[in-house]
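Q: the amino acid sequence is not available; the structure is as follows:
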């Protein structure tokens, strides 16, 4: 296990239930923040950021909350048993199954929305920890997302502060000296995924530390996770296949009748 | 850093350039396999599996190789500068930008195809290591994939042997006792992502070890990574938006003229 290139990931234990207005920097410092070192990257589950920022809204119906957080429906499908899945774009540009609206682990009659600006939240936590502890850490705010063509979910970065979101190898060369044209690893998403492996969904371990990629940690002015979101003009899947077909069908019919 | 819940990820150093016919089990044993322990998970880059399985094909044109590995074009788009991106489904059901055809780090005039059956490859490596070393390890074969709505790439599991690909929490409950309905973390993809953080794309570190999730390691009859691929009947993005619109337009026009 050569320490030079090893990565270690561990959860901070003893994070209490987060209330609206909680000081996450203070909580992290007391939950093991003392052992943080230069170059460590904290991965903070968006749910506790939302709770601290009091992003609870009253909602008898989670579906209504999803509608109000969505800027656009990408696709929807109802199963024969009547369960509807809606893929939507939320106000952050992210495409996901529920616009980040979370109804688990919240008080009855409420749901939790995503942080207003997860990049700003990540930067604020990074800035606070750097100031309190005198160590140069990076912060990722993570959320659990499905994927277009793969079952199950993985954790992704929806906010980033003081950490590179991409490892840009586009200008580099492979071991044979040939240019690596299209490779741009989204290390922020990989860090979020690695952290999820120690967090556990059902447990209260919402913060993990990743040590071993200090090269990715930098200034608080680094681009945030917003830069991971593919802009609409480069998005080949801006609509579900059924939805796009239906739009085309209507347009084709109208064109023929014109 | 409480060892109970910590994850450690490190690359095996000194893996040589892999030739067709190479014995990957033997190579891994000699590259640090001696330090493997029960419950360790090896993440092996598909490229070296392909090389060992002699999946080189002569191809003057990478695009031709992509076409022959594709069963279906999902979407394609040509930039104003003439560069065409094709999203295709390959014979393994995976949707990706190049059907897994790899032209980097291969001899001139050749490209490398994906392993014939990455799950079988992963199981064979796991079986070989278990027999040679007497330790219960799991094996993931990984590949680098883009995502529909996010820029950059992350590593994913395309083969799995002796390791759970999903952590099934669907029957579980959250910390408040409410059922966790839809959460099914794709731990195999998260393990592949974590491993990529220590491998480096440009370096020759194609195998990483993940220690700390022994709970995911089990029999060689566990479902493989093929089970991650969303079946077409559940796929809301089986066609790109432009392609589906065009199909609908033609059908609408024909319907109006009929």
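A: The structure has been received and is ready for your questions. If you're wondering where the values come from, they're calculated on a predicted model, not measured in any experiment.
Q: count the neighbours of the closest residue in space to residue A:256 that isn't next to it in sequence for me.
A: Excluding its sequence neighbours, the residue lying closest to residue A:256 (C-beta to C-beta, 6 or more residues apart in numbering or on different chains) is residue B:256, at 3.5 Å. For glycine as for every other residue, the C-beta is placed from the backbone atoms N, C-alpha and C. Neighbourhood size, residue B:256 [other C-beta atoms under 10 Å in any protein chain shown]: 15.
Q: repeat that for residue A:138.
A: Residue A:138: 30 surrounding residues under other C-beta under 10 Å.
Q: show me what it bridges to in the sheet.
A: Bridge pairing for residue A:138 (DSSP bridges) gives the partners residue A:41.
Q: who's in contact with it?
A: A:40, A:41, A:42, A:126, A:160, A:161, A:162, A:163, A:216, A:217, A:218 (C-beta atoms under 8 Å, 6 or more residues apart in numbering or on different chains).
Q: and which of these is nearest to residue A:232?
A: Nearest to residue A:232 among the contacts of residue A:138 is residue A:160, at 21.3 Å by C-beta to C-beta.
Q: please name the nearest non-neighbouring residue to the closest one.
A: Nearest non-adjacent residue to residue A:160, counting by C-beta to C-beta, 6+ apart: residue A:225, 4.4 Å away.
Q: for that neighbour, give me its contacts.
A: By C-beta under 8 Å, 6+ apart, the residues touching residue A:225 are A:118, A:119, A:122, A:140, A:141, A:157, A:158, A:159, A:160, A:165, A:188.
Q: narrow the residues you listed to those in helices?
A: With DSSP state H as the criterion, helices contain A:118, A:119, A:122, A:188 from among the contacts of residue A:225.
Q: what's the local residue count around the third one?
A: I take that to be residue A:122. The number of residues packed near residue A:122 is 32, by other C-beta under 10 Å.
Q: swap in residue A:246?
A: Look at residue A:246: counted by other C-beta under 10 Å, it has 16 neighbours.
Q: ok, now which ones touch it?
A: Shown in contact with residue A:246 (C-beta under 8 Å, 6+ apart): residue B:248.
Q: now the one 10 residues further on
A: Listed by C-beta under 8 Å, 6+ apart, the contact partners of residue A:256 are B:252, B:253, B:256, B:257.
Q: so which helix or strand takes in the first one?
A: Per DSSP states H and E, residue B:252 falls inside helix B:241-257.
Q: check the offset of that helix from the chain's centre.
A: With C-alpha atoms, centre = their mean, to the nearest Å as the basis, helix B:241-257 stands 35 Å off its chain's centre.
Q: wait, what's in contact with the closest residue to chain B within the stretch 101-250 of chain A?
A: Per C-beta to the nearest C-beta, residue A:248 is where the stretch 101-250 of chain A lies closest to chain B, at 2.8 Å. Neighbour list for residue A:248: B:244, B:245, B:246, B:247, B:248, B:249, B:250, B:251, B:252 [criterion: C-beta under 8 Å, 6+ apart].
Q: redo that, cut-off 10 Å
A: Each residue near residue A:248 by C-beta atoms under 10 Å, 6 or more residues apart in numbering or on different chains is listed here: A:239, B:241-253.
Q: so which of the residues you listed is the closest to residue A:12?
A: Checking those against residue A:12 by C-beta to C-beta gives residue A:239 as the nearest, at 40.9 Å.
Q: count the neighbours of that closest one for me.
A: Neighbour count for residue A:239, taken as other C-beta under 10 Å: 25.
Q: just give the nearest non-adjacent residue to residue A:210, would you?
A: Closest to residue A:210 by C-beta to C-beta, 6+ apart is residue A:41, at 4.5 Å.
Q: residues in contact with the one you found?
A: Neighbours of residue A:41 in contact, by C-beta under 10 Å, 6+ apart: A:7, A:9, A:126, A:137-140, A:160, A:162-164, A:187-188, A:191-192, A:194-195, A:208-214, A:216-217.
Q: so among these, which ones count as buried?
A: By neighbour count, with 16 or more other C-beta atoms under 10 Å in any protein chain shown, these hold A:7, A:9, A:126, A:137-140, A:160, A:162-164, A:187-188, A:191-192, A:194-195, A:208-213, A:216-217 as buried.
Q: low-confidence ranges in the stretch 101-250 of chain A?
A: Residue ranges of the stretch 101-250 of chain A with pLDDT under 70: A:170-182, A:201-203.
Q: so where do the strands sit in it?
A: All strands of the stretch 101-250 of chain A, identified by DSSP state E, counting those that start in this stretch, fall at A:110-112, A:138-146, A:153-161, A:207-211.
Q: indicate which one of those is closest to residue B:74.
A: Closest approach to residue B:74 among the strands of the stretch 101-250 of chain A (C-beta to C-beta): strand A:138-146, 17.5 Å.
Q: any idea of the angle that closest one forms with strand A:153-161?
A: Between strand A:138-146 and strand A:153-161, the angle comes out at 150 degrees (axes from the mean of the first three to the mean of the last three C-alpha atoms, to 10 degrees).
Q: what separates strand A:138-146 from the chain centre, distance-wise?
A: Distance of strand A:138-146 from its chain centroid, counting by C-alpha atoms, centre = their mean, is 3 Å.
Q: can you check stretch A:153-170 too?
A: With C-alpha atoms, centre = their mean, you get 9 Å for stretch A:153-170.
Q: so which bits of it are buried?
A: Using 16+ other C-beta under 10 Å as the test for burial, stretch A:153-170 gives A:153-167, A:169.
Q: with stretch A:117-131 instead?
A: A:117, A:118, A:119, A:121, A:122, A:123, A:124, A:125, A:126, A:128, A:129, A:130.
Q: the nearest residue to residue A:199 once chain neighbours are set aside: neighbour count?
A: Nearest non-adjacent residue to residue A:199, counting by C-beta to C-beta, 6+ apart: residue A:205, 4.8 Å away. By other C-beta under 10 Å, the residues close to residue A:205 number 20.
Q: shouldn't residue A:205 be in contact with residue A:45?
A: Yes. Counting by C-beta atoms under 10 Å, residue A:205 touches residue A:45, with 8.6 Å between them.
Q: hmm, back to that, between the ones in helices among the contacts of residue A:225, which sits nearest residue A:97?
A: Taking C-beta to C-beta as the measure, residue A:97 lies nearest residue A:118 of the ones in helices among the contacts of residue A:225, at 17.6 Å.
Q: give the contact list for that closest one.
A: Residues in contact with residue A:118 (C-beta under 10 Å, 6+ apart) are A:44, A:46, A:49-50, A:53, A:92, A:94, A:100, A:140-143, A:157-161, A:224-226.
Q: re the thing from before, could I get the contacts of residue A:248 as a markdown table with distance to residue B:77?
A: Formatted as a markdown table, those follow (distance: C-beta to C-beta, whole Å):
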| residue | distance to residue B:77 |
| --- | --- |
| A:239 | 14 |
| B:241 | 10 |
| B:242 | 7 |
| B:243 | 10 |
| B:244 | 14 |
| B:245 | 13 |
| B:246 | 13 |
| B:247 | 16 |
| B:248 | 18 |
| B:249 | 17 |
| B:250 | 19 |
| B:251 | 22 |
| B:252 | 23 |
| B:253 | 23 |
